[in-house]
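Colleague: attaching a predicted model along with its sequence, questions to come.
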Amino acid sequence: MSRSAMTTTIRRRLASEIGRIDKQAPFRVALSYPSPYRAGMSSLGYLQIYKTIQAEPGMACERAFLPDDDVPGAPPAQGAPVTYEGLRPLSDFPVIALSVAYELELAGVVRLLDLAGLPALREERDGRHPFVLAGGPLTFSNPLPLAPFADAIIMGEADTLAIDALRLLRDAPSREAALDALARLPHVFVPARHGAEMPPVARCDDALLPAWSPIRAEETELSNMFLIEAERGCSRGCAYCVMRRSTNGGMRIVPKERLLELIPADARRVGLVGAAVSDHPKIVEVVRTLAERGCEVGLSSLRPDRLSDDFVGALRLAGYRTLTTAMDGTSERVRETLERRARPRHLQRAAELARQHGMNRLKLYLMVGVPGETDADVDECVAFVSELSRIVPVALGIAPFCPKRNTPLHGARFAGIDVVNKRLDRLRRGLRGRADVRATSARWAWVEAELAAGGEAEGRAVLQAVRAGGSFRDYERALKKVERPEPPRRQSLPLLAAG
């Protein structure tokens, strides 16, 4: 994309945004997202940090994203990214603050820095370059592959900790002094000082909840949707999930009254966000109240054992045409190994409720390649989904299982590309004409799994792969050269509230 085309696109998007906080301040940060605008502006965490920085006296941020034509697995786009607010290059800022959601976005970090004309590796930057401060959902699992590119990484909930770190960076007399000061700040991982010893994740003060989006934007994945947390964390113990009940104290619920008072009266689309939104004790009342206001409502997670006639009726009133929930494993036995509460009766009831309330279909998310899974489990899935399809049309959204650190299954191995593809083929054949089966790539799931279990060496392999062209084969070649040492451990420090 040319500079003039990029400028035209930015101005059009700015003109359509609702709620942007325009601000001038002496200390300005490039708040960046390693994916295009459509994805970045649909991230509640990114928008929460934007709002927090804009509220800090003497500090402001300008947003930056990857160009729209930058596609994972393809050669990087041409043209240096500029900030939306000031049309300035990233090199103009003292700090680049990055939010990284998951492992495959590491490629976006490399592309963003490369396109900006900045050294991607932290050891190649000095006082002439911006300081790269990173955070985001990736830090709840394993941010070590991000360490080659970030000077410092905020672990966990950064609602107030990000401002503490930015104040230190603003006031530090030198880059080395900044690294020393940040290394003393609880929950901030400074690779140049800590090596591979990561501190524990931060937990913000519950009084600061909920996060909510200050900007509603049209050209996003969640067009013109007001995002707000209904809860944070989860009370469940799913063995594969980094947000299980042992993470940051489990589930913290935002009162119904607080949720409803924060949602703007003119918001026509509302997204209720959280790891276990349907576990909120007042969720049916919240959804029905918003629907009666004339809002279309979306929930980030629906658990099948929480679905009731009243709940699904409220969802239908709020605009749902597809009932989406989690099946998780291919069989009852596999779901038990994952410590899931969903039972066949819950999924069958979900199908019946979807039909009863006039939904077009039931969509089920599940994983294949879970440790211990066999063809018999896949065949059980085929038989069960076939039964559901007699009640209501069914669609399956399938992801290969990727073991993550800080979960009970962190030591499990990825099933293998061939194994995953064979099981997907078995599912497709068995459900042909009965259910729509769509799956994410087994090859890219292998890349994700390698990075999820890896360290700095795997991060540097991402750099090699991106610069070689960014194809799967480039990643395969780079990652297979890595010799993996013993996995690092987090420091056994007490969990402290940030701020």
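Modeller: All right, it came through fine. Residues are numbered from 1 along each chain as shown.
Colleague: give me the number of neighbouring residues for residue 26.
Modeller: Neighbour count of residue 26, defined by other Cβ atoms under 10 Å: 8. Glycine gets a C-beta too; all of them are placed from N, C-alpha and C.
Colleague: let me fix that, I meant to ask about residue 328.
Modeller: Look at residue 328: counted by other Cβ under 10 Å, it has 23 neighbours.
Colleague: now do the one 5 residues further on
Modeller: As a burial measure, the neighbour count of residue 333 was computed by other Cβ under 10 Å and equals 14.
Colleague: excluding chain neighbours, what is closest to it?
Modeller: Nearest in space to residue 333, with sequence neighbours left out and distances taken as Cβ to Cβ, 6 or more residues apart in numbering, is residue 377 at 6.5 Å.
Colleague: from the contact counts, what lies against the helix or strand encompassing the one you found?
Modeller: Residue 377 is located in helix 375-389, with elements delineated by DSSP states H and E. For helix 375-389, the elements it packs on are helix 332-337, helix 344-356, strand 361-368, strand 394-400, helix 417-431, strand 435-439, judged by 3 or more Cβ pairs under 8 Å, 6 or more residues apart in numbering; DSSP states H and E.
Colleague: which of the ones you listed is buried the deepest?
Modeller: Comparing those by mean neighbour count (mean count of other Cβ atoms under 10 Å), strand 361-368 ranks first with a mean of 23.
Colleague: would you mind pulling the contact partners of that strand?
Modeller: Applying Cβ atoms under 8 Å, 6 or more residues apart in numbering, the external contacts of strand 361-368 come out as 240, 322-330, 347, 350-351, 354, 378, 381, 385, 388, 391-401, 415, 420, 423-424, 427, 439.
Colleague: which parts of the helix holding residue 377 are buried?
Modeller: 377, 378, 380, 381, 382, 384, 385, 388, 389 (16 or more other Cβ atoms under 10 Å).
Colleague: same check on stretch 397-414?
Modeller: 397-410, 412, 414.
Colleague: repeat that for stretch 299-310.
Modeller: For stretch 299-310, a neighbour-count test (16+ other Cβ under 10 Å) marks 299, 300, 301, 302, 303, 304, 305, 306, 307 as buried.
Colleague: among the residues you listed, which two are most distant?
Modeller: The span of those, defined through Cβ to Cβ, is set by 300 and 305 at 17.0 Å.
Colleague: and the helix or strand hosting residue 270, what does it pack against?
Modeller: Element membership for residue 270, per DSSP H and E: strand 269-273. Helices and strands touching strand 269-273, as assessed by 3+ Cβ pairs under 8 Å, 6+ apart, comprise strand 226-229, helix 283-292, strand 296-299.
Colleague: hmm, try it at 10 Å
Modeller: Applying 3 or more Cβ pairs under 10 Å, 6 or more residues apart in numbering; DSSP states H and E, we find strand 269-273 packed against helix 44-54, strand 226-229, strand 231-232, helix 283-292, strand 296-299.
Colleague: quickly run through the sheet partners of that strand, with directions.
Modeller: strand 226-229 (parallel), strand 296-299 (parallel) (DSSP bridges).
Colleague: winner for burial among the ones you listed?
Modeller: The highest average neighbour count among these, using mean count of other Cβ under 10 Å, belongs to strand 226-229 at a mean of 24.
Colleague: about what we covered before: distance of the residue nearest to residue 333 from residue 330?
Modeller: 4 Å (Cβ to Cβ, to the nearest Å).
Colleague: in the stretch 101-250 of the chain, which spans are strands?
Modeller: Using DSSP state E, counting those that start in this stretch, the strands assigned to the stretch 101-250 of the chain run over residues 131-135, 152-154, 188-189, 203-204, 226-229, 231-232.
Colleague: and those: which comes nearest residue 38?
Modeller: With Cβ to Cβ as the criterion, residue 38 lies closest to strand 226-229 of the strands of the stretch 101-250 of the chain, at 14.3 Å.
Colleague: show residues contacting that closest one.
Modeller: With contacts defined as Cβ atoms under 10 Å, 6 or more residues apart in numbering, strand 226-229 is touched by 18-19, 41-45, 47-48, 209-216, 252-254, 258-260, 262-264, 266-275, 277, 295, 298, 300.
Colleague: still on that earlier bit, what's the closest of the strands of the stretch 101-250 of the chain to residue 318?
Modeller: Taking the strands of the stretch 101-250 of the chain one by one with Cβ to Cβ, strand 226-229 is closest: 13.5 Å.
Colleague: ok so, going back, dump the strands of the stretch 101-250 of the chain to JSON lines, plus mean pLDDT and distance to residue 338.
Modeller: Below are the strands of the stretch 101-250 of the chain laid out as JSON lines (pLDDT from 0 to 100; distance: least, Cβ to Cβ, whole Å):
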{"stretch": "strand 131-135", "mean pLDDT": "98", "distance to residue 338": "28"}
{"stretch": "strand 152-154", "mean pLDDT": "98", "distance to residue 338": "29"}
{"stretch": "strand 188-189", "mean pLDDT": "98", "distance to residue 338": "29"}
{"stretch": "strand 203-204", "mean pLDDT": "94", "distance to residue 338": "25"}
{"stretch": "strand 226-229", "mean pLDDT": "98", "distance to residue 338": "25"}
{"stretch": "strand 231-232", "mean pLDDT": "96", "distance to residue 338": "21"}
